[in-house]
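> Okay, sequence plus prediction incoming.
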Amino acid sequence: MTYEYRFCPACATPLVRVHDGERERLRCAACGYTHWNNPTPVLAAIIELADRGGQLLLARNAAWSGRMFALITGFMEAGESPEDGIRREIAEETSLQVSELSLVGVSDFQRMNQVIITYHAVAHGPIVLSPELAEYKLFTPQTVRCWRAGTGLMLAQWLRSRGHEPQFIDLPRPDAPAT
């Protein structure tokens, strides 16, 4: 979710729109503060369970209304590397411990003004979900279904790298009326 800033966080003066080269930005006329609106780094994990025959773990966020299962994701925190951040997110949200970690890819998710850094994580241990997650499901690489946005495209890329042709599900557009 992106927020529209209206006031300067430094001096509380109303921000004004200015053209800065090719982009429009918000700037404070009083102190010169510029709101750059840079994307937020988000970490994602394709979790392969070493002690469950290589099954993949997808989870449903407790805040989601539907039955969509997706990758474990979270925001990178100040002072941590992306690798440390995704290890932390996996442990916090599932209690799993990561034994192997490799970068799958980096993608933009412009609708949310995010850059997603996706990893493949081999993990083990008992699964204990945090309150952020409502439930999880385990899939084999042959049965998991991808979605055509954000982390779903990274999952498809990872499946192809393992010799599996991804199958896709159709999600309703965020701007489509509910049916």
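Received the coordinates, thanks.
> Make sure residue 115 is indeed in a helix.
No - Residue 115: not assigned to a helix; according to DSSP: H, G, I helix; E, B strand; the rest coil it is strand.
> What's the mean pLDDT across stretch 62-80?
Taken as a whole, stretch 62-80 carries a mean pLDDT of 93.
> Not counting its own residues, what contacts that stretch?
Counting by C-beta atoms under 8 Å, 6 or more residues apart in numbering, stretch 62-80 makes contact with 40-47, 57-61, 82, 85-86, 88-90, 92-94, 116-118, 131-134, 136-137, 147, 151-152, 154-155, 171, all of which sit outside it. Placement of C-beta: from N, CA and C, glycine included.
> mind saving the C-alpha coords of it as PDB?
Written as PDB, here are the backbone C-alpha positions of stretch 62-80 (Å, rounded to 0.1, in the frame of the first residue of the first chain):
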ATOM      1  CA  ALA A  62      -4.600 -14.100   8.400                       C
ATOM      2  CA  ALA A  63      -5.600 -10.700   7.000                       C
ATOM      3  CA  TRP A  64      -6.600 -12.100   3.600                       C
ATOM      4  CA  SER A  65     -10.300 -12.700   3.000                       C
ATOM      5  CA  GLY A  66      -9.900 -15.400   0.400                       C
ATOM      6  CA  ARG A  67      -8.200 -18.800   0.400                       C
ATOM      7  CA  MET A  68      -5.000 -17.700  -1.400                       C
ATOM      8  CA  PHE A  69      -1.800 -19.500  -0.300                       C
ATOM      9  CA  ALA A  70       1.400 -17.700  -1.100                       C
ATOM     10  CA  LEU A  71       5.100 -17.500  -0.300                       C
ATOM     11  CA  ILE A  72       6.400 -16.400   3.100                       C
ATOM     12  CA  THR A  73       7.100 -12.700   2.800                       C
ATOM     13  CA  GLY A  74       8.200  -9.800   5.000                       C
ATOM     14  CA  PHE A  75       9.900  -6.400   5.100                       C
ATOM     15  CA  MET A  76      13.600  -6.100   5.400                       C
ATOM     16  CA  GLU A  77      14.600  -4.300   8.500                       C
ATOM     17  CA  ALA A  78      17.300  -1.600   9.000                       C
ATOM     18  CA  GLY A  79      20.700  -3.100   9.700                       C
ATOM     19  CA  GLU A  80      20.100  -6.500   8.300                       C
END
